[in-house]
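Participant: Okay, sequence plus prediction incoming.
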Amino acid sequence: MLKYIGKRLLYILFSLFLIITATFFLMRAAPGGPFSGEKKLPPEIEKNLNEYYGLDRPWYSQYADYLGSVARWDFGPSFKYKGQTVNDMINNGFPVSFYLGMEALIFAVVFGILLGIIAALNHNKWKDYTAMVIAVLGISVPSFIMASLLQYIFAIKLHWLPVARWESFAHTILPALALGATPMAFIARLTRSSMLEVLANDYIRTAKAKGLSQLVITVKHAVRNALLPVVTYLGPLSAGILTGSFIIEKIFGIPGLGSHFVLSISNRDYTVIMGVTVFYSIILLTSVLLVDIAYGFIDPRIKLAGGKKGE
Amino acid sequence: MQQIPKEMFQPAAADHGEAERISKPSLSFWKDVFMRFRKNHLAMFGLVLLVILVLFAIFGPHMTKFDYRSNDYMNTNKPPSGTHWFGTDELGRDLFTRVWYGARISLFIGLAAALIDLFIGVLWGGIAGYRGGKTDDIMMRIADILWGVPYLLLVILLMVILDQGLGTMILAMTITGWINMSRIVRGEVLGLKNQEYVLAAQTLGAKTSRIMARHLIPNAMGPILVTMTLTIPSAIFTEAFLSYLGLGVPAPLASWGTMASDGVQALQYYPWRLFFPATFICLTIFAFNVVGDGMRDALDPRLRK
């Protein structure tokens, strides 16, 4: 187990190194320097700025510097917002994004599993079809369209919920719904198909023969086994929620890390793009690892350490 | 012992007639798959939908007298009507023409990304799986590490750096997109390469490339096709996502993604500007998804209950 985790951590570190290197050189290759704006700066000032940020030094020294500072969890200053560092942005933005993401995650998992179970128990009946139509819709509608429609219908037309901003719990409902819709649909489909598979097993028939009620069979015998594929999906799911938040936060005016990231893209604020990319990658890679480890605990049949290569 | 005169014997008809005749034409694997696919109404519906969408993408832009890029400042933001079937946008461009022109671009992005993924993925996964050993180890480790790079972040990063355009978008999508395909192909090849017919081909002295092309890939075609079909909607999805972030194809080109994200800004006053592109994005993604699911079920009858 420990050996497995160690090996995985090594991979993660290597992936991260690759990502940092790639972002560093991609950003250097980007057209225009960080200070080239509409107004041309006087050459002396530009020279001073370059010196201040260390941009006048050769690339390898800058690269080594960047690697070192990332290892010390320092992503450098923002080029566009004076006095703000990328770390500030992460510290201010991430808690908001995390809260929203968790809400969406809970929504997606709870309703997705529920929908999947209902569909599987009523296989090929109208409840099954309704649940699957909802699921297919969730998969087919891009999140920005979903978010705009939700905002339009429930906030602008019906006035049930606030349109935007980040103040009370009511403000979080629509964004969480929009963010969780697609993952919910995926989970519903996954749960349904694995429930169908599990329900066809002999031990379910045994449980029925013993005279257990449908509820007990479903909750105690079927769901536990049917949920394994759903747990595997939680890794990619966190990626989906993270990247989905770029758009959702922009639409609902939420001051999270996602909207900082989007803003930095349109501002071409290269250090912020770099820093946030690296930060996101760390979060993603760790969450995938955590899911894999959790998987081993939930299903003791899966041995991590002795796993086949390439699995 | 009773004597039977020779005359009593009659030659049996050499032709065994009806009993031996195979009344049904023999079914190849793919015919069988298609028969199962045809029974799946939802998947067939998706297929028909796709055919219609593709036909409109080909002929739609020619069905009106407007072209996708000419502005008409007298007719801006007009609702759908007899002349402008889907209405017009803020520059007075005909939305019907633009929607179908956009269909070409969105479908092209999806198809091109899927084909490139297919090409690299099949080569990479096929070689890794067939060679095995050290080659496999190294090739799959490379894939694993690239797999760790968050897909959308990389795409965004590349789109920020490179000039916006169709080619860049497809490049950005395929740079790590092929890994999924290569893993699936490798898995298939690993299972297939120990089959007797591969051994037979090796014994007859067939070259690796021939074994791959004639024996391994055709037999892995099912999962490959399913993966490809499901890559297309995700590429269209990504395109829409990027367009919303302002990293889509540059104007005056129109893709569904750019049109929908323009439409979102105008939703309050001119809802049709979102309605048409959004509907077609959803229909297309829906159609590809149900066709892909249907294909997977048809290819693997054990999964069907």
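Facilitator: Done, it's in.
Participant: Looking at chain A, which residue is nearest chain B?
Facilitator: When scored by Cβ to the nearest Cβ, chain A has A:Ser15 as its residue closest to chain B, at 3.3 Å. To be clear about C-beta, it is placed using only N, CA and C from the backbone, and glycine gets the same treatment.
Participant: neighbours of that residue, just the number please.
Facilitator: Neighbour count of A:Ser15, defined by other Cβ atoms under 10 Å in any protein chain shown: 21.
Participant: Repeat that for B:Ile236.
Facilitator: Residues contacting B:Ile236 under the criterion other Cβ under 10 Å number 24.
Participant: In contact with it, which residues?
Facilitator: Residues in contact with B:Ile236 (Cβ atoms under 8 Å, 6 or more residues apart in numbering or on different chains) are B:106-107, B:109-110, B:256-257, B:281, B:284-285, B:288.
Participant: Return only those of those residues found close to chain A.
Facilitator: Applying Cβ under 8 Å from any Cβ of the partner chain to those, one finds that B:257, B:281, B:285 fall near chain A.
Participant: before we move on, back to that, closest to chain A out of the contacts of B:Ile236?
Facilitator: Taking Cβ to the nearest Cβ as the measure, chain A lies nearest B:Ile285 of these, at 4.4 Å.
Participant: and the helix or strand containing that closest one, what does it pack onto?
Facilitator: Assigned by DSSP states H and E, B:Ile285 belongs to helix B:272-299. When contacts are defined as 3 or more Cβ pairs under 8 Å, 6 or more residues apart in numbering or on different chains; DSSP states H and E, helix B:272-299 sits against helix A:126-140, helix A:143-150, helix B:29-39, helix B:41-59, helix B:95-131, helix B:221-244, helix B:256-265.
Participant: count of neighbours near the closest residue to A:Val136 other than its chain neighbours?
Facilitator: Nearest residue to A:Val136, sequence neighbours excluded (Cβ to Cβ, 6 or more residues apart in numbering or on different chains): B:Phe286, at 6.0 Å. A count of neighbours around B:Phe286, defined by other Cβ under 10 Å, yields 21.
Participant: just A:Ala226 next, same as before
Facilitator: Applying other Cβ under 10 Å, we find 24 residues neighbouring A:Ala226.
Participant: what's the distance between it and A:Tyr60?
Facilitator: Separation of A:Ala226 from A:Tyr60 (Cβ to Cβ, to the nearest Å) stands at 53 Å.
Participant: next helix or strand past the one helix or strand B:Trp147 maps to?
Facilitator: If you go by DSSP H and E, B:Trp147 is part of helix B:133-148. Where DSSP H and E defines the elements, the next helix or strand beyond helix B:133-148 is helix B:151-161.
Participant: SS state for B:Gly248?
Facilitator: Using DSSP: H, G, I helix; E, B strand; the rest coil, the structure places B:Gly248 in coil.
Participant: quick one on the thing from earlier: does the helix holding B:Trp147 reach chain A?
Facilitator: Yes: Helix B:133-148 reaches chain A (Cβ under 8 Å from any Cβ) through B:136-137, B:140, B:144-146, B:148.
Participant: Can you tell me the closest non-neighbouring residue to A:Tyr270?
Facilitator: Closest residue to A:Tyr270 apart from its sequence neighbours, by Cβ to Cβ, 6+ apart: A:Met27 at 4.5 Å.
Participant: what kind of secondary structure is residue 80 in?
Facilitator: As the question left the chain open, I've gone with chain A. Three-state call for A:Lys80 (three-state DSSP): coil.
Participant: Chain B, not that one
Facilitator: With three-state DSSP as the basis, B:Pro80 sits in coil.
Participant: returning to what we had before: which other helices and strands does the strand or helix carrying the residue nearest to A:Tyr270 contact?
Facilitator: Using DSSP H and E, A:Met27 falls within helix A:2-29. If contacts are counted by 3+ Cβ pairs under 8 Å, 6+ apart, helix A:2-29 sits against helix A:59-71, helix A:270-298, helix B:133-148, helix B:151-161.
Participant: Quick one: list the elements packing against the longest one.
Facilitator: Judged by 3+ Cβ pairs under 8 Å, 6+ apart, the packing partners of helix A:270-298 are helix A:2-29, helix A:86-121, helix A:228-251, helix A:257-267, helix B:133-148, helix B:151-161.
Participant: Measure how the first one sits relative to helix A:270-298, angle-wise.
Facilitator: Put plainly, it is helix A:2-29. Between helix A:2-29 and helix A:270-298, the angle comes out at 160 degrees (axes from the mean of the first three to the mean of the last three Cα atoms, to 10 degrees).
Participant: tell me the mean pLDDT for helix A:2-29?
Facilitator: Helix A:2-29 shows a mean pLDDT of 81.
Participant: Could you give the average pLDDT over the next helix or strand after that helix?
Facilitator: For helix A:2-29, the following helix or strand on the C-terminal side (DSSP H and E) is helix A:43-52. The pLDDT scores in helix A:43-52 average 73.
Participant: buried residues in helix A:43-52?
Facilitator: A:Leu49 (16 or more other Cβ atoms under 10 Å in any protein chain shown).
Participant: Show me what that helix is packed up against.
Facilitator: Partner elements for helix A:43-52 (3+ Cβ pairs under 8 Å, 6+ apart): none found.
Participant: quick revisit: winner for burial among the helices and strands packed on helix A:2-29?
Facilitator: Of all the helices and strands packed on helix A:2-29, helix B:151-161 carries the top mean neighbour count, a mean of 22, counting by mean count of other Cβ atoms under 10 Å in any protein chain shown.
Participant: quick check, it touching chain A?
Facilitator: Yes: using Cβ under 8 Å from any Cβ, we find that helix B:151-161 touches chain A at B:151-154, B:156-158, B:160-161.
Participant: Tell me how many other residues crowd residue 189.
Facilitator: No chain was given, so I picked chain A. Neighbour tally, A:Arg189, other Cβ under 10 Å: 22.
Participant: wait, chain B
Facilitator: 25.
Participant: now do B:Arg69
Facilitator: With neighbours defined by other Cβ under 10 Å, the count for B:Arg69 comes to 14.
Participant: Next up, the contacts around it.
Facilitator: When contacts are counted by Cβ under 8 Å, 6+ apart, B:Arg69 touches B:93, B:252.
Participant: Which residues are in contact with A:Met184?
Facilitator: With Cβ under 8 Å, 6+ apart, A:Met184 has these contacts: A:107-109, A:111-112, A:115, A:135, A:138.
Participant: want to throw those into a markdown table with neighbour count?
Facilitator: Compiled in a markdown table, these are given as follows (neighbours: other Cβ atoms under 10 Å in any protein chain shown):
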| residue | neighbour count |
| --- | --- |
| A:Phe107 | 18 |
| A:Ala108 | 27 |
| A:Val109 | 21 |
| A:Phe111 | 19 |
| A:Gly112 | 27 |
| A:Leu115 | 24 |
| A:Ala135 | 25 |
| A:Gly138 | 24 |
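Participant: which one of these is nearest B:Leu27?
Facilitator: Lowest distance from B:Leu27 to the contacts of A:Met184 (Cβ to Cβ) belongs to A:Ala135, with 33.2 Å.
Participant: isn't B:Met259 right up against B:Trp100?
Facilitator: No: applying Cβ atoms under 8 Å as the test, B:Met259 and B:Trp100 come out as separate, 11.0 Å apart.
Participant: Which one's more surrounded, these two?
Facilitator: B:Met259 (29 against 24).
Participant: where's that one relative to A:Leu263, distance?
Facilitator: In this structure, B:Met259 and A:Leu263 are 23 Å apart, going by Cβ to Cβ.
Participant: just how off-centre is stretch A:71-78 within its chain?
Facilitator: Computed by Cα atoms, centre = their mean, to the nearest Å, the chain-centroid distance of stretch A:71-78 equals 22 Å.
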